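>>> I'll drop the sequence and a predicted model, then ask my questions.
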There are 2 protein chains.
Amino acid sequence: MILIAERINGMFTDVKQAIADKDKKVIQDLAKRQTEAGAAYLDVNVGTAAADQEGTMEWLVESIQETCSTPLCLDSQKPGVIAGGLKVINPENGVLLNSTPLNKKSDEEVFDKYIEMADQVGPKANLIALTMDKNGVPQDTDTRVAIAAEIVSKAMEKGFDPQRLFIDPIVLPVKVPNAQVQPTNILAAMDQIKYLADPAPHMTVGLSNLSQGASERSLINRIFLAMAMSHGLDSAIADVFDTALVNAVATAEMLMNKQIYSDSFLKVYKSANK
Amino acid sequence: MILIAERINGMFTDVKQAIADKDKKVIQDLAKRQTEAGAAYLDVNVGTAAADQEGTMEWLVESIQETCSTPLCLDSQKPGVIAGGLKVINPENGVLLNSTPLNKKSDEEVFDKYIEMADQVGPKANLIALTMDKNGVPQDTDTRVAIAAEIVSKAMEKGFDPQRLFIDPIVLPVKVPNAQVQPTNILAAMDQIKYLADPAPHMTVGLSNLSQGASERSLINRIFLAMAMSHGLDSAIADVFDTALVNAVATAEMLMNKQIYSDSFLKVYKSANK
């Protein structure tokens, strides 16, 4: 499981404050602790408060890279902000661009632009692509799969290896009225997306979004994650400090035969992923 | 989720002792507490210690029926022992015969015999059928599905509604060498078994068997159960006293859209299933 740690995000109060104070230590501490907890990538999101988002992304990337070489996941809806981070990124570490839809309302071909950005960094630059197009986020299974198929096909046309794609079928909060049927649609979409290329593209979700505003957030997150792993999900943006979540991942990997059973399988998983 | 509570089993020390002492109270207390905890059926297994297994089954059924009307799941590898329970069963409560293979090494058509036993009780008598034949327990997906298909087809020939079948694809302990690949095979089998009839036959597993002898038993059980529910499992013989397991079931049902989200979804699940 490729866990993308979610905590370096300007939406969290401590990170927002650290950005305002240019206090590297808070950021570097989160980077180290999330890496220790098993993060394969560290998500980096400047949030909405900073006036200079591009400069803030650059500062965050530089601060983190001073302290660890964990690959970063540059998270912004603005390509310019991601570009800010890419200016200073160490391409040897690997990086994930987070994220692009297939296209926008304006019909602008943003996907191609992200492919080019990734290719400029080098072969270790991967891309999160949302199953979302000019009509927005689809509610059903078939449209999700159709958009994912177009994403894979466009990537291949551009000579971009589908294994560098992390397709995100977009989970919506269970608490939102009418979104109740979403989780099953997403699992059904995963059953098909995994066959769109061989080897399969990666699949990821913004897991915490599922339980936004809900009670029992950790329980909802980990039960859905276990289910989704059994349908092919191999990555998630998640809270790696949630021990129950990481234990659920370790157990699901053992049950899915990705790790052999031993009485200390939880410990083995953790030490293997540090 | 149709939870079949596992604790009235002569393999547990307290039940074994209660059988030896003919102490109804222990049995009746387990029956009531498991019903309170959400059991749809109470499994009843005499274990191996009692000399008169048939008489013991009869005594257990009578003792339980004095105190509650929860349907019973008569659990024995010997049809004669199940018949002992059926002699005194209240057919109005519903009953589950646990269990029959498709056939035995001797080619004996045991399945037909169980269908007849169930039909003698009446329309509320259901049957657990193992995906197991004269060659024993299959290791792969295809053989499990093939046996399940034969079970469904035989039931239909006999005029036995497939919805009265609980097909059990047989989980083996993760700790047993070479059984490591089993859980994924079972999930893949479930993906197909659910389409063998419309409406689908029920599917069940002896959940605790999965974690036999393993560490982190409850964690392994509930993570597998969540995965399996997302592949169509709608029943399990399990420990209903395991609160974390019941919470996982409630969460999985909410995510699978069988229960609408509310902030108190765990409580709602429990009170609905009491």
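Ah, there it is.

>>> just the helices in chain A please.
Assigned helices in chain A, in chain order: A:13-21, A:24-36, A:53-67, A:79-88, A:110-121, A:141-157, A:182-193, A:217-229, A:243-255, A:265-272 (criterion: DSSP state H).

>>> give me whichever of these is most buried.
Comparing the helices of chain A on average neighbours per residue, with mean count of other CB atoms under 10 Å in any protein chain shown, the densest one is helix A:217-229 at a mean of 24. C-betas here are computed from N, CA, C, even on glycine.

>>> report whether that helix contacts chain B.
Yes. Interface with chain B: helix A:217-229 contributes A:219-220, A:223-224, A:226-227, A:229 (CB under 8 Å from any CB of the partner chain).

>>> want to throw the helices of chain A into JSON lines with distance to residue B:49 and mean pLDDT?
Formatted as JSON lines, those follow (distance: least, CB to CB, whole Å; pLDDT from 0 to 100):
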{"stretch": "helix A:13-21", "distance to residue B:49": "60", "mean pLDDT": "97"}
{"stretch": "helix A:24-36", "distance to residue B:49": "51", "mean pLDDT": "98"}
{"stretch": "helix A:53-67", "distance to residue B:49": "63", "mean pLDDT": "98"}
{"stretch": "helix A:79-88", "distance to residue B:49": "68", "mean pLDDT": "96"}
{"stretch": "helix A:110-121", "distance to residue B:49": "67", "mean pLDDT": "95"}
{"stretch": "helix A:141-157", "distance to residue B:49": "52", "mean pLDDT": "96"}
{"stretch": "helix A:182-193", "distance to residue B:49": "44", "mean pLDDT": "95"}
{"stretch": "helix A:217-229", "distance to residue B:49": "37", "mean pLDDT": "98"}
{"stretch": "helix A:243-255", "distance to residue B:49": "33", "mean pLDDT": "97"}
{"stretch": "helix A:265-272", "distance to residue B:49": "34", "mean pLDDT": "92"}
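
>>> nearest to residue B:11, out of those helices?
helix A:243-255 (24.4 Å; CB to CB).

>>> just checking, what packs against the closest one?
Using 3 or more CB pairs under 8 Å, 6 or more residues apart in numbering or on different chains; DSSP states H and E as the contact test, the elements touching helix A:243-255 are helix A:217-229, helix A:265-272, helix B:217-229.

>>> center of chain A - which residue?
residue A:237 (4.2 Å; CA atoms, centre = their mean).

>>> contacting residues for the nearest residue to that residue once chain neighbours are set aside?
Using CB to CB, 6 or more residues apart in numbering or on different chains and skipping residues adjacent in sequence, the residue nearest residue A:237 is residue A:4, 4.3 Å away. Residues touching residue A:4, when contacts are defined by CB atoms under 8 Å, 6 or more residues apart in numbering or on different chains, comprise A:39-43, A:73, A:96, A:98, A:204, A:235-238.

>>> so what's residue A:4 bridging to?
residue A:41, residue A:237 (DSSP bridges).

>>> make CSV from the helices and strands packed on helix A:243-255 and add distance to residue A:34 to it.
As requested, those are exported to CSV (distance: least, CB to CB, whole Å):
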stretch, distance to residue A:34
helix A:217-229, 16
helix A:265-272, 13
helix B:217-229, 23
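
>>> now what about stretch A:134-154, what contacts it?
Residues from elsewhere that reach stretch A:134-154 (CB under 8 Å, 6+ apart): A:102-107, A:111-112, A:115, A:129-133, A:162, A:165, A:167, A:169-170, A:172, A:181-182, A:185-186, A:188-189, A:192-193, A:196-197, A:201.

>>> who in the stretch 151-274 of chain A is up against chain B?
Within reach of chain B by CB under 8 Å from any CB, the stretch 151-274 of chain A has these residues: A:174-175, A:180-181, A:183-184, A:187, A:214-216, A:219-220, A:223-224, A:226-227, A:229-231, A:247-248, A:251-252, A:254-257, A:260-261, A:263-266.

>>> just to revisit the earlier point, nearest to residue B:61, out of the helices and strands packed on helix A:243-255?
Each of those was scored for nearness to residue B:61 using CB to CB, and the closest is helix B:217-229 (27.1 Å).

>>> helices or strands up against the closest one?
In terms of contact count using 3+ CB pairs under 8 Å, 6+ apart, helix B:217-229 is assigned the packing partners helix A:217-229, helix A:243-255, helix B:182-193, helix B:207-210, strand B:235-238, helix B:243-255.

>>> contacts only, for the residue nearest to residue A:200 when sequence neighbours are not counted.
Closest residue to residue A:200 in three dimensions, ignoring its sequence neighbours and counting by CB to CB, 6+ apart: residue A:194, at 4.6 Å. Contacts for residue A:194 were tallied using CB under 8 Å, 6+ apart; they are A:200-201, A:203, A:231-232.

>>> make TSV out of those residues and add pLDDT.
Listed next are the contacts of residue A:194 as TSV, based on pLDDT from 0 to 100:
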residue	pLDDT
A:200	94
A:201	97
A:203	98
A:231	98
A:232	97
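
>>> for the residues you listed, which two are the farthest from each other?
Longest distance between any two of those is 14.2 Å, between A:201 and A:231; criterion CB to CB.

>>> give me the distance from stretch A:13-23 to the chain's centre.
Computed by CA atoms, centre = their mean, to the nearest Å, the chain-centroid distance of stretch A:13-23 equals 22 Å.

>>> got the contact list for it?
Counting contacts by CB under 8 Å, 6+ apart, the residues outside stretch A:13-23 that touch it are A:7-10, A:24-27, A:30, A:46-47, A:49-50, A:56, A:59-60.

>>> could you redo the last one with a cut-off of 6 Å?
For stretch A:13-23, contacts defined as CB atoms under 6 Å, 6 or more residues apart in numbering or on different chains pick out A:9-10, A:26-27, A:47, A:49-50, A:56.

>>> could I have that stretch exported to PDB, CA atoms only?
Once side chains and other backbone atoms are set aside, the C-alpha atoms of stretch A:13-23 remain, and they are given as PDB (Å, rounded to 0.1, in the frame of the first residue of the first chain):
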ATOM      1  CA  THR A  13      -4.100  24.900  12.200                       C
ATOM      2  CA  ASP A  14      -0.500  24.100  13.100                       C
ATOM      3  CA  VAL A  15       0.600  24.000   9.500                       C
ATOM      4  CA  LYS A  16      -1.200  27.200   8.700                       C
ATOM      5  CA  GLN A  17       0.500  28.900  11.600                       C
ATOM      6  CA  ALA A  18       3.900  27.500  10.700                       C
ATOM      7  CA  ILE A  19       3.400  28.900   7.100                       C
ATOM      8  CA  ALA A  20       2.500  32.300   8.500                       C
ATOM      9  CA  ASP A  21       5.500  32.300  10.900                       C
ATOM     10  CA  LYS A  22       7.900  30.700   8.300                       C
ATOM     11  CA  ASP A  23       8.600  28.200  11.100                       C
END
